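>>> could you work out the structure for the sequence below:
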Amino acid sequence: RAFEVMLVLWPHGAHKRPSLHVLHTEVPPLSARFALPWCLGTAGLFGPATAFAPVAAVVWTHQVRRQICRHSMSKRTAETLTSCAAASEREGDSMQGIAVPLAEAPSTPRSLASTAVLAEAPSFEASVVQYSALRAAGKQLSEVTGVGKQLSDQILTRLQRSDMAGATSLLDSIGQLPSFESALGASIWGDLEQRVQLCWSHGVSTFLEAFITCLCFQSFLQRGVLTAEVPGRWLVGAQDLDDELYLLGVIGAVREMERYAVNRGQDLDLRSVRVCLGVAESLEEVLMQFSFRNSDLRTRFDGVKYCVKRLQSLAYEIDLAHQRAAVTARTAKVPEVEGATAPAGIIPVIDLQFIAGIKMRYDLFDEGREQVMKQSRDVIKNAKNAIYALQRGDYKRADALLVSCAKDATDVHSRIISGYPRLRSGSFSNAMEEFVEALAYRAFRQDKRLLSMTQMQEAATIPFALSLPEYLGGVMDLTGEVGRLAIRSASHGRSARQDVEQCLACVD
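Below you'll find the predicted structure:
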């Protein structure tokens, strides 16, 4: 029978490379240990069998039977040669030699833990309905803001190209879009906190910033006034949010003015560039009166300072170009450009009284933000300590801490959050999630029941409503505490079986 023999010769020495030889011959039915010297002698590659360097031979038969012969070879070298031989064997068929186990059906998945072991398990259908309604409203709002943002970008492009008619037509198209109130619906729009959260998370800020930039830049090109008026239908209704978006839009208009000044600089229109420079310097001085924190406003304000520097450099270069042209022409007359003798306006370029009102409201908002962050930390601390007390079984201390949480949360909401609903997200919302988790864990630990959103509202004893994300976030975090309780209960052995089953039913 025909046999195929692969001979791998590995000479002594670390820097010498092995050689590969494939022989087609007829090998007598001997073991590989005795067949190796015979093959080498038959092939005539080497002399006597004892004269060659250490080698490994892999013999393939029609039954795909491999035998390895090692002569003075390390284990690692033999394993390496075996892997190389196996790879060469699979060159013809990439799937050959792969060990695949026989099919065996696994056990059936574990069924959901029975909630019968709990005293009460709520249905989350009402929460699902509420979440679906919020999601649908947010989707409609995103469609409106997405179209509005695209139109606003097109308006800026047309304004830069002096297409005032086209820009006005696109502004009319924005005016025909559904308002924020109609997109969200009357019920959601009536809840100021829900309205602000949905507007903040579904592109309203991006759209309004671009839209206000269009209005301010158009007003500057037509009247020389930067602070334009925003239609009431495009206001969120939360003064702090509307003020911040207005400032972002005005800063965006200054950046468009810089692009406009660069285009006018190609015609050496020094007067227009100096007008833009004066507006940018005035806005920079106005914004320096604010105390911006680490936010988008602070980043954009830094951009205004760089814009002023670039406009100063541009005006200086254009002035030098005029002087060089005058010297070349032997005259001091400045070249005339279109619009160079436009009359000066009688309206201030920036409405300082309007901006002063924004600054006053922004300072109050920033002060309230600091207080919310501080008191929210107190609520989080007390809620965590209440959970630790419940883990130890100290219900008296846990109840006292939960009462303190409710009192602090009510105080900060009534004094600050009700006036600035945007401050609810962040620190205060995180604090309410921790409070909900503590209440849910207390109900499970003492009464072996889960609280629905209505029951959670009653247990919290707070005058304002919990939001759906706060409730769901607290209930989800409850699983971690229940898991720790299950592990500690399991240390008592089989006597704690029922307690562990209750924990499993709660998590499921």
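>>> the nearest residue to residue 471 once chain neighbours are set aside - how many residues pack around it?
Spatially, and ignoring its direct neighbours in sequence, residue 471 is nearest to residue 453 (5.0 Å; Cβ to Cβ, 6 or more residues apart in numbering). Using the backbone N, CA and C atoms, a C-beta is placed for each residue, glycine as well. Around residue 453 there are 20 other residues, counting by other Cβ atoms under 10 Å.
>>> any idea of the pLDDT on residue 453?
Looking at residue 453, its pLDDT is 90.
>>> strands of this structure, start to end?
Using DSSP state E, the strands of the chain run over 3-9, 19-25, 55-60, 68-70.
>>> any idea how far residue 250 is from residue 300?
Remark: distance between residue 250 and residue 300 (Cβ to Cβ, to the nearest Å) = 9 Å.
>>> the two: which is more packed in?
Each of residue 250 and residue 300 has its neighbours counted (other Cβ under 10 Å); residue 250 has more, 26 against 19.
>>> distance of that one relative to residue 354?
Distance from residue 250 to residue 354, by Cβ to Cβ: 10 Å.
>>> tell me, what's touching these two both at once?
residue 227 (Cβ atoms under 8 Å, 6 or more residues apart in numbering).
>>> tell me which residue is most central in the chain.
Centrality entry for the chain: nearest residue to the mean C-alpha point is residue 201, 12.0 Å, by Cα atoms, centre = their mean.
>>> grab the nearest non-local neighbour of that residue.
residue 138 is the one closest to residue 201 (Cβ to Cβ, 6+ apart), at 7.1 Å.
>>> just the pLDDT at the one you found, thanks.
pLDDT, residue 138: 92.
>>> would you mind measuring from it to residue 190?
16 Å.
>>> what is the burial count for the nearest residue to residue 436 once chain neighbours are set aside?
Spatially, and ignoring its direct neighbours in sequence, residue 436 is nearest to residue 474 (2.7 Å; Cβ to Cβ, 6+ apart). By the measure other Cβ under 10 Å, the count of residues near residue 474 is 23.
>>> thought residue 474 was touching residue 430?
No - applying Cβ atoms under 8 Å as the test, residue 474 and residue 430 come out as separate, 10.2 Å apart.
>>> and stretch 479-486, how far out from the chain middle?
29 Å (Cα atoms, centre = their mean, to the nearest Å).
>>> for stretch 133-149, same thing?
19 Å.
>>> then stretch 221-232?
That offset, for stretch 221-232, works out to 34 Å (Cα atoms, centre = their mean).
>>> would you map the helices across the stretch 201-350 of the chain?
204-223, 239-265, 270-287, 296-328 (DSSP state H, counting those that start in this stretch).
>>> take the ones you listed and lay them out in a markdown table including mean pLDDT and distance to residue 496.
Below are the helices of the stretch 201-350 of the chain laid out as a markdown table (pLDDT from 0 to 100; distance: least, Cβ to Cβ, whole Å):
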| stretch | mean pLDDT | distance to residue 496 |
| --- | --- | --- |
| helix 204-223 | 94 | 52 |
| helix 239-265 | 93 | 52 |
| helix 270-287 | 93 | 64 |
| helix 296-328 | 89 | 53 |
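>>> would a markdown table of those helices with distance to residue 158 be doable?
Formatted as a markdown table, the helices of the stretch 201-350 of the chain follow (distance: least, Cβ to Cβ, whole Å):
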| stretch | distance to residue 158 |
| --- | --- |
| helix 204-223 | 10 |
| helix 239-265 | 12 |
| helix 270-287 | 19 |
| helix 296-328 | 22 |
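>>> so for stretch 501-508, mean pLDDT?
84.
>>> stretch 420-434 now?
The model assigns stretch 420-434 a mean pLDDT of 92.
>>> show me which positions of it end up buried.
420-425, 427-434 (16 or more other Cβ atoms under 10 Å).
>>> neighbour-wise, which of residue 138 and residue 190 wins?
residue 138 (19 against 11).
>>> for the longest helix belonging to the chain, packing partners?
If you go by DSSP state H, the chain has its longest helix at helix 352-392. Judged by 3 or more Cβ pairs under 8 Å, 6 or more residues apart in numbering; DSSP states H and E, the packing partners of helix 352-392 are helix 239-265, helix 395-412, helix 427-447, helix 468-490.
>>> one more time with 10 Å
Counting contacts by 3 or more Cβ pairs under 10 Å, 6 or more residues apart in numbering; DSSP states H and E, helix 352-392 packs against helix 239-265, helix 270-287, helix 395-412, helix 427-447, helix 468-490.
>>> tell me the angle it makes with helix 395-412.
Inter-element angle recorded for helix 352-392 and helix 395-412: 170 degrees (by axes from the mean of the first three to the mean of the last three Cα atoms, to 10 degrees).
>>> centre of the chain to helix 352-392, how far?
24 Å.
>>> cool, and stretch 208-227?
Per Cα atoms, centre = their mean, the centroid offset for stretch 208-227 relative to its chain is 31 Å.
>>> return the set of buried residues in that stretch.
Buried residues in stretch 208-227 (16+ other Cβ under 10 Å): 208-221, 225-227.
>>> again with stretch 413-421
For stretch 413-421, by 16+ other Cβ under 10 Å, it's 413, 416, 417, 420, 421.
>>> same thing with stretch 282-294?
For stretch 282-294, by 16+ other Cβ under 10 Å, it's 282, 283, 286, 287, 290, 292.
>>> list the contacts for the fourth one?
Residue 287 makes contact with 247, 250, 251, 254, 297, 298, 300, 301, 304, 305, 355, 359, according to Cβ atoms under 10 Å, 6 or more residues apart in numbering.
>>> how much space between the third one and residue 219?
By that I understand residue 251. 15 Å.
>>> kindly report the same for residue 459.
Counting by Cβ to Cβ, the gap from residue 459 to residue 219 is 53 Å.
>>> can you tell me the average pLDDT over the longest helix of the chain?
93.
>>> the inter-axis angle of it versus helix 427-447?
Using the same axes, to 10 degrees: helix 352-392 against helix 427-447 is 20 degrees.
>>> now residue 444. Nearest residue, chain neighbours left out?
Nearest residue to residue 444 in three dimensions, chain neighbours excluded: residue 506, at 5.9 Å (Cβ to Cβ, 6+ apart).
>>> my guess is that neighbour contacts residue 478. True?
Yes - contact between residue 506 and residue 478 holds when scored by Cβ atoms under 10 Å: they sit 7.5 Å apart.
>>> what do these two both touch?
440, 441, 444, 450.
>>> count of neighbours near the last one?
Same thing as residue 450. Residue 450 has 21 nearby residues by other Cβ under 10 Å.
>>> give the contact list for it.
So residue 450 contacts 115, 118-122, 124, 440, 443-444, 456, 475, 478, 505-506 (Cβ under 10 Å, 6+ apart).
>>> could you do residue 425 as well?
193, 196, 197, 200, 201, 467, 469.
>>> nearest to residue 260 among these?
Using Cβ to Cβ, residue 200 comes nearest to residue 260 of the contacts of residue 425, at 31.0 Å.
>>> okay, now that closest one: neighbour count?
Count around residue 200 with other Cβ under 10 Å applied: 16.
>>> kindly report the same for residue 303.
14.
>>> pretty sure it contacts residue 251?
Yes - counting by Cβ under 10 Å, residue 303 does reach residue 251; the two are 6.9 Å apart.
>>> so residue 394 sits against residue 446, correct?
No - applying Cβ under 10 Å as the test, residue 394 and residue 446 come out as separate, 11.7 Å apart.
>>> name the residues contacting each of those two.
Joint contacts of residue 394 and residue 446 (Cβ under 10 Å, 6+ apart) do not exist.
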